[in-house]
Every structure is written in structure tokens, then in C-alpha cells.
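**Student:** what follows is a predicted protein model with its sequence.
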There are 2 protein chains.
Amino acid sequence: MNLTNHQFRLAARPVGLPKRSDWNYTEEPVRDPGPGEVLVKTLYLSLDPAMRGWMNEGRSYVPPVGIGAVMRAGGAGRVIGSQNPGFAVGDHVYGILGAQEYALLSADAAKGLTKVDPKLVPLPVYVGALGMTGLTAYFGLLEVGQAKAGDTVVISGAAGATGMVVGQIAKIKGCRAVGIAGGPHKCSYLTRELGFDAAIDYKNENVAEALRKHCPKGVNVYFDNVGGEILDIVLAQIARGARVVLCGAISQYNSTTGIKGPSNYLALLIASARMEGFIVFNYASRYAEAAREMAGWMMAGKLKSKEDIVEGFQTFPDTLLKLFRGENFGKLMIKVAEDN
Amino acid sequence: MNLTNHQFRLAARPVGLPKRSDWNYTEEPVRDPGPGEVLVKTLYLSLDPAMRGWMNEGRSYVPPVGIGAVMRAGGAGRVIGSQNPGFAVGDHVYGILGAQEYALLSADAAKGLTKVDPKLVPLPVYVGALGMTGLTAYFGLLEVGQAKAGDTVVISGAAGATGMVVGQIAKIKGCRAVGIAGGPHKCSYLTRELGFDAAIDYKNENVAEALRKHCPKGVNVYFDNVGGEILDIVLAQIARGARVVLCGAISQYNSTTGIKGPSNYLALLIASARMEGFIVFNYASRYAEAAREMAGWMMAGKLKSKEDIVEGFQTFPDTLLKLFRGENFGKLMIKVAEDN
């Protein structure tokens, strides 16, 4: 096919915030797919806080990205070559494509692809609210958090990709949804556009006071995307039997002085409460069921998707930093190529 | 009856380790019981780490002890006067008696008393392994910790009152029990007398290394009585789906520089694990059932009780400190009076 692939390959393990020199931008010809292989042209690349963890050495729920390897990344694309009976040229797919313009996937790796239909909803929605991000929100809130009607659900990073979906599902399920986000613009979006009951602007408000006001009966479920000080503030206001869902800790991922553990963790003891981590992969057998339910909510206008789309594959290292600066608003992704 | 009562009443909220001047030693005549009241002569007084928390102001699972009030304490005693149809003179009871030689309990307070039979097992056992301490171990391990046969259970403060029982129940249930305790004497007692599979002497061993050796498949249940550094060390070695049971954090109760939160809490995320606090009172409706099962284990020789009994009510302030210095070995209590 005579195509040229560009890639971001990990060059060094970052200390603190990743910088451009932590990756090499490489170029190589695209090889035709062999038996079982699928060749996907990347259209959208998903940028996720978890990527920072994948760059570190050491134990985690997936192996670290190797030095010299293509940076791990989710994305959506179009099949442009296939020797795999499961995929035909022209199919649209979603999965782990890597930070590259073309992904040549082995038969085994292709098992992780999901076929999606951009005629039903636009492709970016499959990367966001109907993709891993949405599934993370769904299983985190309903399975790990055991959110039930009447619960007060507090969400940090509420204007981030996962947080937005968590709050909307909380509302659908009859909970009170209180989001914590940075800045008045994000906060008013949460309440006016997404139906959150309240939003707390951590950059301009006293979060503890605002929580007391908006959660007079305490917090039943705290969906935590940020860790750090805000986790401690919320722990001080959990209700009896509360569930703290650990989805992430974006405030800590780039720390060079060690992780700040939650000093108020003994609130869990006082309140007979739990704090529980999870990985969306745990629920892989139920993805289809959840995605169907979420698609139904979307069709019914109850669940909105918001994407923050940056153009240009080469912006990858800088665009990723938007996550850690709290600059994204909705699901952050890069548009890599036109769908043609 | 012309009896004189002595009491330890809270005089000041301690900063750091409690000191004798944080209580007043008071004397007053014993009043005869009125309608519904029960008068109990304290025989054994239970000393528990939780007492430190009760001395603090602020939100907890029970109200703080008021300044001037008799220090809250569990204990066992004999009814010496009663105008309550539920209790007769000569009955032995266990419950919240307070740090005093005689407890005059209202009809309402008397509902919290449990009648016990010192002919079946000695009275101190009802304060220890068959009392709140044992029930805390039982429900913490089996309900909160969901320990199952084959699990590796690690217990900190393993030579303390609760820890000893936790390890023995773990063995009864087919788990591997690994205790962490201070000093070779306590450690050898755990393995030789109580059947723990291994014991780690945190004062003389590298706990992380010893854990790797004794828990090669990781830790499924961690029953934490101590908090602090050891909690962080164990978190780094939890297995997928692990349960961290927060029973206490004795290393932190007297801190004057704030609580040390677990820096490794994101291990919960990586391992899809949970950390959960509890209060034994949550399981009050099942006390009888659990106590019966534990009494059966005791009769069968599978569950041993070990008490650390100090003589003399007046030693209360100093004896309490044994807990925070790790000097107790088994269930710490004060023998207040002879049973005559």
C-alpha cells in the first residue's frame, strides 16, 4: 500500500510531568497484514490519565510500556487491510491502537477490537461516553460504588471524560449528583447542560464548606478521579456505609515527592465505609450489556457525550498534558486523520 | 449498702499520649438502685485502644466522653443490687461499666449488659476472646474481610487481643495466617501456641522482605490494627481483589503531628482491592450466634484466649499506656476486685 506510519515511542520514563523528549517520533513503512492480522488507520486517539501510569516502571494492572515501544493508547479507526475473517476493509473499530497513525494488529490483539457503527453515533462518542471511558463510569458507579436511588454521589474531576458520565448516570439512577471541577465555566456546564444538582469550583470555592452545603446528609458515594487534598476533604464528610470509588488520582500521577496518602482514611473506620479500586477490564464480560444500556440512554437524550478534540497527531505529547493541567473539558482525544 | 465508689473521670482531652492528669480520681457514695436500675460491682475492666479515640472531641461512631464524665470502659462484674426484672443479685454481666468500681446503670443502659456464666469459662474470657474483642475479630475477618479457605491473611498487632483471635479464626477457616508483632517472645507464641503459619517481628525483621517470603502469592486479607508504616508495607503486597480490614490504627492514635495516610493507597486501584472500616456494633444482631460458634471452638480446643491482667483499679491510667507502647500481650484488663 506504500503507506508511511508515524509513531510516538517511549524514549525515557518521565520524572514528574512527561515532556516531549520522553518520546521519540518515529517513521516507518506500513507492512501489509499477514495471516490473521488487521491493519487499522487511526482516526481518533484517546488521551487518558492512566497513560501516565503506563509510562512508569513497576507493578501495575498492565505491564509498563517498554522503552522503545509504541506508546499504548486507545483509539478508533477504520480497517484498511485484513487477513482476519472477523474484520473487513471499511469496518470501523475501537480498541488499543497505540500512539501511531496505522496499527497492524496480530490476530490476538485484534480480539480486543470492538466493531462500531459511525452511522449510529459519531466515532468520537465511541472513544468517549460509549467507550472505555463510559464503561469505567458505569461499572465504577454502579458496581463498585453500588449507587442507589436517594444516594448523594460526589464526583471529582467531574468535567473530565469519566466524571461527566458518572454524574449523568447518577441522575438517571435517582441519585443526587454533586460535581467538583475547576472553574465557573465547567461548573455551570455540569449543572445547566448535564443536570448535576450542584457543582463545586475547587479553584474558587472552599470545597469543605460547599460540600457541607450541597451534601447535608453526607456523601454516600464518592467517585474519585483526583486523589490528594480533595480526597481528604470528602473523606471527612462521608456518610455511614459510604463507598469511595478509586478510579484515579490525577493530582498525584506526576508527583516527584511521593504520593500523598489520605490522612483522613480513618473516616472509613468511623463510618464503616469502604474505599475500593477497580479496573474496567474486570467487567469485560459485561461491556456489551452496559454499552447497550448507555446507548439507550443516549438515544433517549438522558446521557450526553462531550468530547474535547484536538487536531493533529503530532500534538500528542503536548495535548496529553492538558489532562494533568485540568485543561480538558470532556473526553480528550486527538483527531489523527479524516475518515476517507 | 454504704459502699464507696471510685472513678476515673476525664479531666482534659489528651494531646498525644494520655497522662494521669488527664483524669481525675474521684470518690462518691454508691446510691441504691432505683426503679429499673441495676448496680454492678466491677470485677474486670477492659482496656482497649479505642478508648484513646473516645477521649477526643469530635465526630466518631460514639460521642466523645464528656469532660467530667466517668471514662467509658467495658468490663465484667457482678450484680449486687437490682430493681430491674432482667437482672438478679448474683448475676454476672459484661458490658459498658465505665472506669469505676461500681456502676449504677439505668434501665436503658442495662439493655447493653450481657449475662455470662463464669462456671463455663472464667470471667476474663468474656472480656476477651468471647467478648467484644473476639466478636470484633470474628466479624472483621469473616464479614468485612470475607476470608475464605486458601486465603493468605496477614494480621498486624497480632499479639494484641483482637489480633490473636483473628489469626486463630483464620486457621479454623482454612486460611494461611501470618502475624506481625513486636519481639521474638510474642512471635514464637503466635506460631507455637496459637498455630499461626508465620510471625514477623517488626522490631527485628524487615517486614517487607518477610512478607514476600511468607506470602508468596500476595496478601488476600489484611487485618490492620496499627496503621502507619506497616499498612503501607502490606498495601504494596496485596493480591488482586484483596480486602484490607481497618480495625484500628494504634500507631496513629497519639500522633500530635497529624495522621499518616497510606501513601500506597493506589495499590487498591492497581489490585482492584478494597479497604473497609467497621465497628463491631454493626453486627449486634448476630453477637449471640457468633459467640456460640466461638465458644464451640474454645471447647474444642481450637481457640485459645490469652489475657494480660493487671491488678488494681488505681493503675488504670498507667496500664492503659501499655497498649500504646505495645507492652500488652493478649487482652489487657484490670482486675478491679475479687468476686466475693
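**Tutor:** Received, thanks. Numbers count the residues shown, from 1 in each chain, chains lettered A, B, ... in the order given.

**Student:** for the helix or strand hosting residue A:294, C-alpha coordinates in PDB please.
**Tutor:** Residue A:294 is part of helix A:287-299, with elements assigned from DSSP states H and E. The C-alpha coordinates for helix A:287-299 follow below in PDB (Å, rounded to 0.1, in the frame of the first residue of the first chain):
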ATOM      1  CA  TYR A 287     -19.300  -4.500  28.300                       C
ATOM      2  CA  ALA A 288     -21.900  -5.200  25.600                       C
ATOM      3  CA  GLU A 289     -24.800  -5.200  28.100                       C
ATOM      4  CA  ALA A 290     -23.600  -1.900  29.600                       C
ATOM      5  CA  ALA A 291     -22.900  -0.300  26.200                       C
ATOM      6  CA  ARG A 292     -26.400  -1.200  25.100                       C
ATOM      7  CA  GLU A 293     -28.000   0.400  28.200                       C
ATOM      8  CA  MET A 294     -25.900   3.500  27.800                       C
ATOM      9  CA  ALA A 295     -26.700   3.800  24.100                       C
ATOM     10  CA  GLY A 296     -30.300   3.600  25.000                       C
ATOM     11  CA  TRP A 297     -29.900   6.500  27.500                       C
ATOM     12  CA  MET A 298     -28.100   8.500  24.800                       C
ATOM     13  CA  MET A 299     -30.900   7.900  22.300                       C
END
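
**Student:** and residue A:272, what is it in contact with?
**Tutor:** If you count contacts by CB atoms under 8 Å, 6 or more residues apart in numbering or on different chains, residue A:272 has them with A:240-241, B:61, B:276-279, B:282. C-beta: built from backbone N, CA, C; applies to glycine.

**Student:** so which of these wins on neighbours?
**Tutor:** Neighbour counts for the contacts of residue A:272, by other CB atoms under 10 Å in any protein chain shown, peak at residue B:277, which reaches 26 neighbours.

**Student:** ok, for it, nearest residue in space, not its chain neighbours?
**Tutor:** Leaving aside its chain neighbours, residue B:277 sits nearest to residue A:269 (3.3 Å; criterion: CB to CB, 6 or more residues apart in numbering or on different chains).

**Student:** strands along the stretch 1-150 of chain A, start to end?
**Tutor:** For the stretch 1-150 of chain A, the strands defined by DSSP state E, counting those that start in this stretch occupy A:4-10, A:23-29, A:38-46, A:74-82, A:92-96, A:102-105, A:114-116.

**Student:** pLDDT of the third one, averaged?
**Tutor:** The pLDDT scores in strand A:38-46 average 98.

**Student:** note down every partner strand of it and its orientation.
**Tutor:** Sheet pairing of strand A:38-46 (DSSP bridges) gives strand A:74-82 (antiparallel), strand A:102-105 (antiparallel), strand A:331-335 (antiparallel).

**Student:** adding mean neighbour count, write these out as CSV.
**Tutor:** Formatted as CSV, the strands paired with strand A:38-46 follow (neighbours: other CB atoms under 10 Å in any protein chain shown):
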stretch, mean neighbour count
strand A:74-82, 23
strand A:102-105, 24
strand A:331-335, 25
